[in-house]
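Student: the amino acid sequence is not available; the structure is as follows:
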Ligand code: F6P
């Protein structure tokens, strides 16, 4: 594929005000009609929906029947997507148009997972060749690391890799490393340091030996305060621990970045730098060289399977009709609740302990992308944007916040993610260690909770049903389970490298769908900049006892005064 959009701006034609369109107004009217419908009635009237409102993509089986949508609702949502030009915008992204308008960049994370024989030339550059050259370099490096051939300054092989990065240069690698725990086939252990709170680095380094530790400094810009501060502290720890000069750095530090000059200025040999490109957003970069720690842990073949999982969903998103397109359907349903039901958030509930960091990962992906108040051309938006994502693994959440999901006043659409085959399993035993008569294993117990929760959330239990069980009348209202709470069920055979890639791509493209309809640019993040510069300015005030405290508003000044007093300044 060769882009005919090279160098052009794929997004200069602003959306019409989407809320002023007929498609939007039709959805507003439709919502009023279905507002009081209960999922019990919806299923009674349309019993086939459990079988038909599902979509399979790759290894993912996705059920969206337990949503407060009729088939008519879906048709109206697809019409809205067409009105917003979703298909054209999607095609522009895949072709490499500069849809990141405020930074004048292409958005090509999908190119990171193209197979080596694909073709994509954008802005005169053969993207696929570039991507695979870096993958090969990563493979050669991680082979040497994993085989023990790569030696530290004192001639010992590496036992511990510490990835220092933050945001997209941390959340993806740490999440995937945990998720693929069962695929780690090397004794080398990976650690992840992100926070500028020194507790993070100190606690991580406490058990490590400088002779056998290698640091990956992961930063797209190589200008991020937290990462450079931690990297400098790590270098000092290394050189002190080895009692060595700066020539030891080359054996213990590699970089992942788009900025070779800054990498060199930090003192890392650019021969040990793995590059990527400005068309990869930080939160879309775990499948670039930013995933180097993951490749070190699972090897280049498994990393290739991970990329193939993304690609499979990319192809589905690129080619499937909207009506059968999983990211489109789920993105539209997310938007339906956000904009037409005033839902405040979406909860993501992996029934997999190995996916404990998935919600944190999605928070950056979705909220840094779509938390915008102006359209791609700078007009104020006219509706809410940016779903708020949160979540915890099941069943832990059941004993914490599910009470609000079941009986609270807010509607919180929930994504349940589960697996048929476990990564670990144990028999269910009694306290005395005997099989306790329950059928199945602990994994079956986990998954029976998954199915029970989605069922109870949808269908609940009525006052009549509760009273019929002999519950005292004054207690009945407390026990009523309203139901009618929407969920998506996502199932896969097992948590493999490919499946985690598929899941990430499924959410990446939902973000795109929602962003396209809102007419915003999901690929910049200007909102994080002001806090960074003001932190630097305030650092001078909180550390310099001579600096006048009165710099700012009275609240911040008083807080600074209190802090300085506590610190004896
Ligand atoms: O501050 C936000 C952010 O720019 C994210 O978008 C990014 O993932 C993170 O910081 C880290 O940036 P970098 O990889 O350039 O260090």
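Tutor: Looks like it came in fine. No experiment lies behind these values; they were computed from the predicted model shown.

Student: show me the domain layout of this protein.
Tutor: When the chain is parsed with the TED database, its domains come out as 35-81+319-426+437-516, 108-304, 528-565.

Student: so which of the ones you listed gets nearest the ligand?
Tutor: domain 108-304 (2.5 Å; Cβ to the nearest ligand atom). From N, CA and C alone the C-beta is placed, and that goes for glycine too.

Student: can you get me the start-to-end distance on the closest one?
Tutor: Across its full length, domain 108-304 reaches 18 Å end to end, with Cα to Cα, to the nearest Å as the criterion.

Student: got it, and stretch 459-475?
Tutor: When the termini of stretch 459-475 are compared using Cα to Cα, they are 20 Å apart.

Student: re the thing from before, got TSV for the domains of the chain, with distance to the ligand and mean neighbour count too?
Tutor: Formatted as TSV, those follow (distance: least, Cβ to the nearest ligand atom, whole Å; neighbours: other Cβ atoms under 10 Å):
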stretch	distance to the ligand	mean neighbour count
domain 35-81+319-426+437-516	6	18
domain 108-304	3	19
domain 528-565	4	12
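
Student: and these as a markdown table, adding mean pLDDT?
Tutor: Output for the domains of the chain, formatted as a markdown table (pLDDT from 0 to 100):
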| stretch | mean pLDDT |
| --- | --- |
| domain 35-81+319-426+437-516 | 97 |
| domain 108-304 | 97 |
| domain 528-565 | 93 |
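
Student: looking at the ones you listed, which is nearest to residue 18?
Tutor: Counting by Cβ to Cβ, residue 18 lies closest to domain 35-81+319-426+437-516 out of the domains of the chain; the figure is 7.3 Å.

Student: so how far is that closest one from its chain's centroid?
Tutor: Centroid separation between domain 35-81+319-426+437-516 and its chain, computed with Cα atoms, centre = their mean, to the nearest Å, is 16 Å.

Student: what's the end-to-end length of it?
Tutor: From its first residue to its last, domain 35-81+319-426+437-516 covers 26 Å (Cα to Cα).

Student: do the same with stretch 23-43
Tutor: Distance between the two ends of stretch 23-43: 26 Å, counting by Cα to Cα.

Student: please enumerate the helices of the stretch 1-150 of the chain.
Tutor: In chain order, the stretch 1-150 of the chain shows helices spanning 22-34, 39-45, 49-52, 71-83, 86-95, 127-147, with DSSP state H, counting those that start in this stretch as the criterion.

Student: which helix runs longest in the protein?
Tutor: helix 292-319 (DSSP state H).

Student: grab the nearest non-local neighbour of the residue in the stretch 1-150 of the chain positioned nearest to the ligand.
Tutor: Nearest to the ligand in the stretch 1-150 of the chain, going by Cβ to the nearest ligand atom, is residue 103, at a distance of 11.6 Å. Spatially, and ignoring its direct neighbours in sequence, residue 103 is nearest to residue 524 (5.5 Å; Cβ to Cβ, 6 or more residues apart in numbering).

Student: quick check: phi and psi at the one you found.
Tutor: When quoted as degrees, to the nearest 10, the phi and psi of residue 524 stand at phi -110, psi 180.

Student: so how far is the first residue of stretch 488-503 from its last?
Tutor: Start-to-end, stretch 488-503 (Cα to Cα) is 13 Å.

Student: the residue of the stretch 1-150 of the chain closest to the ligand reaches residue 376, doesn't it?
Tutor: No: the pair residue 103 / residue 376 is not scored as a contact, 11.4 Å apart, by Cβ atoms under 8 Å.

Student: overlap in contacts of the two?
Tutor: Common neighbours of residue 103 and residue 376, counting by Cβ atoms under 8 Å, 6 or more residues apart in numbering, are absent.

Student: what ranges do the strands span in the stretch 201-350 of the chain?
Tutor: 213-218, 253-257, 273-275, 346-350 (DSSP state E, counting those that start in this stretch).

Student: which strands or helices does the last one pack on?
Tutor: Strand 346-350 sits against helix 358-362, strand 389-390, strand 414-419, with contacts defined as 3 or more Cβ pairs under 8 Å, 6 or more residues apart in numbering; DSSP states H and E.

Student: including distance to residue 348, could the ones you listed go into CSV?
Tutor: Below are the helices and strands packed on strand 346-350 laid out as CSV (distance: least, Cβ to Cβ, whole Å):
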stretch, distance to residue 348
helix 358-362, 5
strand 389-390, 6
strand 414-419, 5
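
Student: nearest to residue 60 among the ones you listed would be which one?
Tutor: Judging the helices and strands packed on strand 346-350 by Cβ to Cβ, what sits closest to residue 60 is strand 414-419, at 9.2 Å.

Student: show me what the closest one pairs with in its sheet, parallel or antiparallel.
Tutor: Here the strand partners of strand 414-419, with direction, are listed using DSSP bridges: strand 346-350 (parallel), strand 487-492 (parallel).

Student: relative to the whole chain's centre, how far out is stretch 142-156?
Tutor: The answer for stretch 142-156 is 32 Å, by Cα atoms, centre = their mean.

Student: same thing with stretch 93-107?
Tutor: 20 Å.

Student: buried set for it?
Tutor: 93-101, 105-107 (16 or more other Cβ atoms under 10 Å).

Student: so who does the residue positioned nearest the centre of the chain touch?
Tutor: Closest residue to the average C-alpha location of the chain: residue 362 at 2.7 Å, with Cα atoms, centre = their mean. Applying Cβ under 8 Å, 6+ apart, we find residue 362 in contact with 348, 389, 391, 507.

Student: pretty sure residue 454 is touching residue 418, no?
Tutor: No: shown here, residue 454 and residue 418 do not form a contact pair, counting by Cβ under 8 Å, at 9.6 Å.
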